[in-house]
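Undergrad: Provided below are the primary sequence and the corresponding predicted coordinates.
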Amino acid sequence: MSNRLPARRPPRHAPADTGDLAHKLGERVKELGCLYALTQIIERCSGDMDRLMREAVQILPGAWQYPQDARARIVLDGKQYASAGHRRGVARQSAPLTVNGTKAGLVEVCYLKRFPRAWEGPFLKEERHLIDAVAGHLSRAVERRRADERRQLAENRLTERLKELNCLYGVTRAIESCGGSVPRLMSEVVQLLPAAWQYPQAACARIVFDGQAFATADFVRTEHAQSAPIVVHGQPRGMVEVCYRSARPPADEGPFLKEERSLIDAVAGHLARAVELFSTADALRNTNARLLVEQRALQESNAALRTVLARIEEEKRSIGQAVAANVDRILMPIIDALEIELPAEQRGYTRLLRKNLEEITSPLVDRLSRVALMLTPAEVRVCNMIRMGLSSKEIAELRHVSRATVSRQRESIRRKLGLSGRRVNLATYLQTFGESLSRAEQRRML
């Protein structure tokens, strides 16, 4: 029987090489150190993308398996950042920089020498994860920075717009509070202008109107100027001007923003309309004062005219009373004597004469004469012909006009005498007041 021990079978899974585990652990430590360092760089340099990329590209080669032969570069928006000694390598590994869904560049690591093949050429699978993570961190850092820039730009624009709105509001208040004084308005508005521009510490302003200048205390005319005309009722009367005392970065119009062009035009327009309003108000006040004077003069004239008319009416009444008294005192006794002396067949004339004299002195005749004065001379002549019993055809033949013309005149006469729509015979009505119409026609013909 042999004393030899039986040979031990090798384990089914041989234990891993301790050196290989240490190597892998070291690689993971380098990768974690790279990500940690990158995070610190991003926090420290988030406000400066150039510095961030320059520092980030320097830490990348040390995180790869063969750092002494590794080189790195980052490309962002066409600009390249490279580690020391970078040149085109024999093997490259890269990951894209994607900003807001758009490729903006890449992160690349290369080897200057050939190395044994691993997961991706000479690169490990973990190095693929690492370069993708680095690209993701940098992409998000760029996105945050651009978002900050957009937010800052929006805040700056909002601040500028608020300054412009405050300026326009101040101009409106100055227009309301200046009491219609153009010099006071210009003096107040010119002080509001510098603060509304992008660089208020370097801005100064001046307003020229009708040859008179209104300026800020530090006004200096320079080549960096922006102006707008003040046009009143279509005529240029002055200008609004803003200057920078020193050079400023170029913008839309020299150093000035396009919104500042809109602002200075708006200020000039407000001033022009204010001057137009003031001049219109002055003209209206002058017109009102003149109308008041004319109104008082007219009232005085009306009072004087009423006095004259009252005196004329009084004289008419006196004359009428005198005529009536003379007729009763002088003519009527004569008519009474004639009526006794004349034969019976001729006494009708005396009765007719007495009747006519009574009509002359009657107040009703005076009223009817005034009504007859509303008629035209032609209408008065037609009235007399109708009163004498002539038909429309006969009147047309005598006056050499058409029957339609006579019909229109008859309608006009009825309307003026207040007979429209009334069942009153025009001939009968005119025979009653014939004498009044005859006298009116005689006066007009004279």
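TA: Great, that's in hand.
Undergrad: helices of the stretch 51-200 of the chain, start to end?
TA: Shown for the stretch 51-200 of the chain, the helices assigned by DSSP state H, counting those that start in this stretch span residues 125-177, 182-192.
Undergrad: same question, the stretch 251-400 of the chain
TA: According to DSSP H, counting those that start in this stretch, the helices that the stretch 251-400 of the chain contains are 258-326, 332-341, 347-360, 363-372, 377-387, 392-399.
Undergrad: other SSEs contacting the first one?
TA: When contacts are defined as 3 or more Cβ pairs under 8 Å, 6 or more residues apart in numbering; DSSP states H and E, helix 258-326 sits against helix 125-177, helix 182-192, strand 203-209, strand 225-232, strand 235-244. The C-beta positions use only the backbone N, C-alpha and C, and glycine is treated the same way.
Undergrad: repeat that for the shortest one.
TA: In this structure, helix 392-399 packs against helix 377-387, helix 403-416, with contacts taken as 3+ Cβ pairs under 8 Å, 6+ apart.
Undergrad: now swap in the second one and tell me
TA: Under the contact criterion of 3+ Cβ pairs under 8 Å, 6+ apart, the helices and strands touching helix 332-341 comprise helix 347-360.
Undergrad: turn the helices and strands packed on helix 392-399 into TSV, including distance to Ala217 and mean pLDDT.
TA: Output for those, formatted as TSV (distance: least, Cβ to Cβ, whole Å; pLDDT from 0 to 100):
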stretch	distance to Ala217	mean pLDDT
helix 377-387	82	79
helix 403-416	80	88
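Undergrad: of those helices, which is nearest Lys163?
TA: Minimum separation from Lys163 across those (Cβ to Cβ) falls at helix 403-416, 73.9 Å.
Undergrad: alpha carbons of that closest one, as CSV, please.
TA: Taking Å, rounded to 0.1, in the frame of the first residue of the first chain, the C-alpha atoms of helix 403-416 are listed here in CSV:
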residue,chain,number,x,y,z
ARG,A,403,-101.2,125.7,-65.7
ALA,A,404,-98.8,123.5,-63.6
THR,A,405,-96.9,126.7,-62.5
VAL,A,406,-100.2,128.3,-61.4
SER,A,407,-101.2,125.1,-59.5
ARG,A,408,-97.9,125.1,-57.6
GLN,A,409,-98.4,128.8,-56.8
ARG,A,410,-101.9,128.1,-55.5
GLU,A,411,-100.5,125.3,-53.3
SER,A,412,-97.8,127.6,-52.0
ILE,A,413,-100.4,130.3,-51.2
ARG,A,414,-102.6,127.9,-49.3
ARG,A,415,-99.7,126.7,-47.3
LYS,A,416,-98.5,130.2,-46.4
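Undergrad: circling back: can I get the helices of the stretch 251-400 of the chain in CSV including mean neighbour count?
TA: Output for these, formatted as CSV (neighbours: other Cβ atoms under 10 Å):
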stretch, mean neighbour count
helix 258-326, 13
helix 332-341, 12
helix 347-360, 13
helix 363-372, 15
helix 377-387, 20
helix 392-399, 15
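Undergrad: now distance to Ala133 too, for those helices, in a markdown table please.
TA: As requested, those are exported to a markdown table (distance: least, Cβ to Cβ, whole Å):
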| stretch | distance to Ala133 |
| --- | --- |
| helix 258-326 | 44 |
| helix 332-341 | 141 |
| helix 347-360 | 130 |
| helix 363-372 | 115 |
| helix 377-387 | 113 |
| helix 392-399 | 118 |
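Undergrad: right, and those - which one's nearest Gly105?
TA: helix 258-326 (32.1 Å).
Undergrad: can you redo the helices and strands packed on helix 392-399 as a markdown table with distance to Gln198?
TA: Shown next, in a markdown table, are those (distance: least, Cβ to Cβ, whole Å):
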| stretch | distance to Gln198 |
| --- | --- |
| helix 377-387 | 83 |
| helix 403-416 | 79 |
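Undergrad: give me the low-pLDDT residue ranges for the chain?
TA: For the chain, the stretches flagged by pLDDT under 70 are 1-19, 345-349, 351-352, 355-356, 358-373, 432-446.
Undergrad: and it, what are its domains?
TA: 23-148, 156-281, 362-445 (automatic domain parsing).
Undergrad: ok, which of the helices of the stretch 251-400 of the chain comes nearest Ala82?
TA: Closest among the helices of the stretch 251-400 of the chain, using Cβ to Cβ: helix 258-326, at 40.0 Å.
Undergrad: from the chain's centre, how far out does the closest one sit?
TA: Centroid separation between helix 258-326 and its chain, computed with Cα atoms, centre = their mean, to the nearest Å, is 34 Å.
Undergrad: next, the angle from it to strand 235-244.
TA: 150 degrees (axes from the mean of the first three to the mean of the last three Cα atoms, to 10 degrees).
Undergrad: got the angle for helix 258-326 vs helix 182-192?
TA: 160 degrees.
Undergrad: nearest to Gln299, out of the helices and strands packed on helix 392-399?
TA: helix 403-416 (32.7 Å).
Undergrad: for Glu164, give me its contacts.
TA: Residues near Glu164 by Cβ atoms under 8 Å, 6 or more residues apart in numbering: 196, 259-260, 263.
Undergrad: just Ile386 next, same as before
TA: 395, 410, 426-427, 430.
Undergrad: can you do 10 Å?
TA: Applying Cβ atoms under 10 Å, 6 or more residues apart in numbering to Ile386 gives the contacts 392, 395, 406, 409-410, 413, 425-431, 434, 437.
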